[in-house]
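A.B. asks: What follows is a predicted structure for the sequence shown.
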Amino acid sequence: MTLLTDPFFDSLGTSILETVEAETLPPACYTDEEFYRFEKQALFYREWLCVGRVEWLAQPGDYFTTTHANEPLVIALDRAGTIQAMSSVCQHRAMLVAEGKGNARGFTCPYHHWSYDLDGTLIGAPAMGRTCNFDKRQHSLPRLKVETWHGFIFVNFDLEAAPLAPRLAGIEPVVANYDFASLRGPEPAAHEFAWNWKVQFENNNDGYHANRLHKGLHDYIPSALASFPPVPEGTAGYYRLNGSTHANASFNPTGKALFPVFPALSEEEQNRLLFVNLPPSLSLVVLNDVVIYLIMDARSANTHGLTFGSLYLPEAMQAPDFDEKRRLNDEYTSHIVAQDLHVDLLVQQGLNSRFAPRGRYSWQEDAQRQFNLWLVERYRSEWDRRRGPAAPVSRIQRAS
């Protein structure tokens, strides 16, 4: 019996009411493989997906590989200095043409040695001269649309997708003084976790648990000082602010920034943290001396990949005490992260239970409602596309 029905999508309307009236999404949105396949079409093949940072491609020929929604991708800098994004699936027998990262003049499939240029153009196909009607121009690697935002690289499977940057104009004022594009960081860590990508995304955005789950670790960033400024309609993301009880708060034994503070920050900015969320793939925890980024890659209803990295002022990384300060930050943060990961795993187990609820929200969880607004709009649109123009208007649409 299919989950995807008009009543199911009508039921999502209660998740986008005002926060004090709303309830959580149905548990099946986090556990059902049919719904995950639906999300591929509704979200991952239509929305802008973060794949990494511009500085990972420093020289022509530099490349790295990644995945999104089970699609293997290769991201490369061509000889003209343009970032190219393409499928890494050879168009002969589906062997992957690239693994890991490195620098190359092009990509050669190790199986039968079909070769591709840095933009995915097929330039060599051995012993294909006798194959009828074979035209190399028709067998290049499928390409994705590419855009950058403040040093982050985004790709889109939909070549007709609207540009990303104009849809983030509503967030620009709050991120401007951090100058993300000029920051640099060590190589990030890559993980795979046994819970739905939305569980991870919601945890990153949740101020409600901060003084509860993490009691004693960062009480100087209290849940009660969270705020959720509205963004203009159509914005491709949202953000949360969280005040701190002292200036330049950070996650380490001192509770204060160990690295140089970003120089353009106002006094108000130095007394708060910023959480920027660009679903479905990028979440930023923005302190005043370090930016933590989390890139999520949904792999099934119950698993996702996570790239976890941090960014600093270049001069901070060049300082002789950088490694020691980073160690202090990382060791302290690891206790916070361990608590989050344990909770995420247990939440996924709970969501798979027959007793999993559609729970109610605290005002301190307004970021979850903002996430729901983003999700439900796209779920509705995909369902309407599937039903076709002759389908009756659903109750949820009439209500809006």
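C.D. replies: Yep, that arrived.

A.B. asks: what's the closest non-adjacent residue to residue 309?
C.D. replies: Spatially, and ignoring its direct neighbours in sequence, residue 309 is nearest to residue 188 (2.9 Å; Cβ to Cβ, 6 or more residues apart in numbering). Using the backbone N, CA and C atoms, a C-beta is placed for each residue, glycine as well.

A.B. asks: so how far is residue 387 from that neighbour?
C.D. replies: 41 Å (Cβ to Cβ, to the nearest Å).

A.B. asks: Looking at those two, which one has more neighbours?
C.D. replies: residue 188 (19 against 15; other Cβ atoms under 10 Å).

A.B. asks: List the contacts of the nearest residue to residue 369 once chain neighbours are set aside.
C.D. replies: Spatial nearest neighbour of residue 369, excluding adjacent residues (Cβ to Cβ, 6+ apart): residue 19 at 4.7 Å. Contact partners of residue 19, counting by Cβ atoms under 8 Å, 6 or more residues apart in numbering, are 361, 362, 363, 365, 366, 368, 369.

A.B. asks: Other residues contacting the helix or strand where residue 380 lies?
C.D. replies: Taking DSSP states H and E as the definition, one finds residue 380 inside helix 366-387. If you take Cβ under 8 Å, 6+ apart as the criterion, helix 366-387 is touched by 4, 6, 9, 12-13, 15-19, 22, 24-25, 38, 41-43, 46-47, 198, 201-202, 205-207, 226, 228, 231, 237-238, 240, 275, 277, 279, 361, 391, 394, 396-397.

A.B. asks: Need the CA coordinates for that helix. PDB is fine.
C.D. replies: Provided in PDB are the C-alpha atoms of helix 366-387 (Å, rounded to 0.1, in the frame of the first residue of the first chain):
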ATOM      1  CA  ASP A 366      10.700  27.800  15.400                       C
ATOM      2  CA  ALA A 367      13.600  26.800  13.100                       C
ATOM      3  CA  GLN A 368      11.900  23.400  12.700                       C
ATOM      4  CA  ARG A 369       8.700  25.100  11.500                       C
ATOM      5  CA  GLN A 370      10.800  27.200   9.100                       C
ATOM      6  CA  PHE A 371      12.300  23.900   7.800                       C
ATOM      7  CA  ASN A 372       8.800  22.500   7.500                       C
ATOM      8  CA  LEU A 373       7.700  25.500   5.400                       C
ATOM      9  CA  TRP A 374      10.600  24.900   3.000                       C
ATOM     10  CA  LEU A 375       9.900  21.100   2.800                       C
ATOM     11  CA  VAL A 376       6.100  21.100   2.500                       C
ATOM     12  CA  GLU A 377       6.100  23.700  -0.300                       C
ATOM     13  CA  ARG A 378       8.400  21.400  -2.300                       C
ATOM     14  CA  TYR A 379       6.500  18.200  -1.300                       C
ATOM     15  CA  ARG A 380       3.300  19.800  -2.500                       C
ATOM     16  CA  SER A 381       4.700  20.900  -5.800                       C
ATOM     17  CA  GLU A 382       6.100  17.500  -6.600                       C
ATOM     18  CA  TRP A 383       2.800  15.800  -5.700                       C
ATOM     19  CA  ASP A 384       0.900  18.200  -7.900                       C
ATOM     20  CA  ARG A 385       3.300  17.400 -10.800                       C
ATOM     21  CA  ARG A 386       2.600  13.700 -10.300                       C
ATOM     22  CA  ARG A 387      -1.200  14.100 -10.100                       C
END
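
A.B. asks: tell me which residues of that helix are tucked away?
C.D. replies: 366-376, 378-380, 382-383 (16 or more other Cβ atoms under 10 Å).

A.B. asks: Next, report how far it is displaced from the centre of its chain.
C.D. replies: 17 Å (Cα atoms, centre = their mean, to the nearest Å).

A.B. asks: tell me the mean pLDDT over that helix?
C.D. replies: Helix 366-387 shows an average pLDDT of 96 in the prediction.

A.B. asks: And the strands in the stretch 251-400 of the chain?
C.D. replies: 272-278, 282-286, 291-300, 303-311 (DSSP state E, counting those that start in this stretch).

A.B. asks: coming back round to it: surely the residue nearest to residue 309 and residue 307 touch.
C.D. replies: Yes. Applying Cβ atoms under 8 Å, one finds residue 188 in contact with residue 307, separated by 5.1 Å.

A.B. asks: From the contact counts, what lies against the biggest helix by length in the chain?
C.D. replies: When the chain is parsed with DSSP state H, its longest helix is helix 322-351. If you count contacts as 3 or more Cβ pairs under 8 Å, 6 or more residues apart in numbering; DSSP states H and E, helix 322-351 packs onto helix 28-31, strand 189-193, helix 197-205.

A.B. asks: In TSV, list the ones you listed along with mean neighbour count and distance to residue 60.
C.D. replies: Compiled in TSV, those are given as follows (neighbours: other Cβ atoms under 10 Å; distance: least, Cβ to Cβ, whole Å):
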stretch	mean neighbour count	distance to residue 60
helix 28-31	21	42
strand 189-193	13	25
helix 197-205	22	33
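
A.B. asks: quick one: which of these is nearest residue 106?
C.D. replies: Proximity of the helices and strands packed on helix 322-351 to residue 106 was assessed by Cβ to Cβ; the nearest stretch is strand 189-193, lying at 25.1 Å.

A.B. asks: Note down every partner strand of that closest one and its orientation.
C.D. replies: Here strand 189-193 has these sheet partners by DSSP bridges: strand 303-311 (antiparallel).

A.B. asks: And the average pLDDT for the strand it pairs with is what?
C.D. replies: Mean predicted lDDT for strand 303-311 stands at 98.

A.B. asks: Extract the C-alpha trace of it and format it as CSV.
C.D. replies: Output of strand 303-311 as CSV, limited to C-alpha atoms (Å, rounded to 0.1, in the frame of the first residue of the first chain):
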residue,chain,number,x,y,z
THR,A,303,21.2,6.8,6.3
HIS,A,304,23.0,9.9,5.2
GLY,A,305,26.6,11.1,4.6
LEU,A,306,28.0,14.1,6.5
THR,A,307,31.0,16.2,5.6
PHE,A,308,32.0,18.2,8.8
GLY,A,309,34.6,21.0,8.5
SER,A,310,35.6,24.3,10.0
LEU,A,311,36.8,27.7,8.6
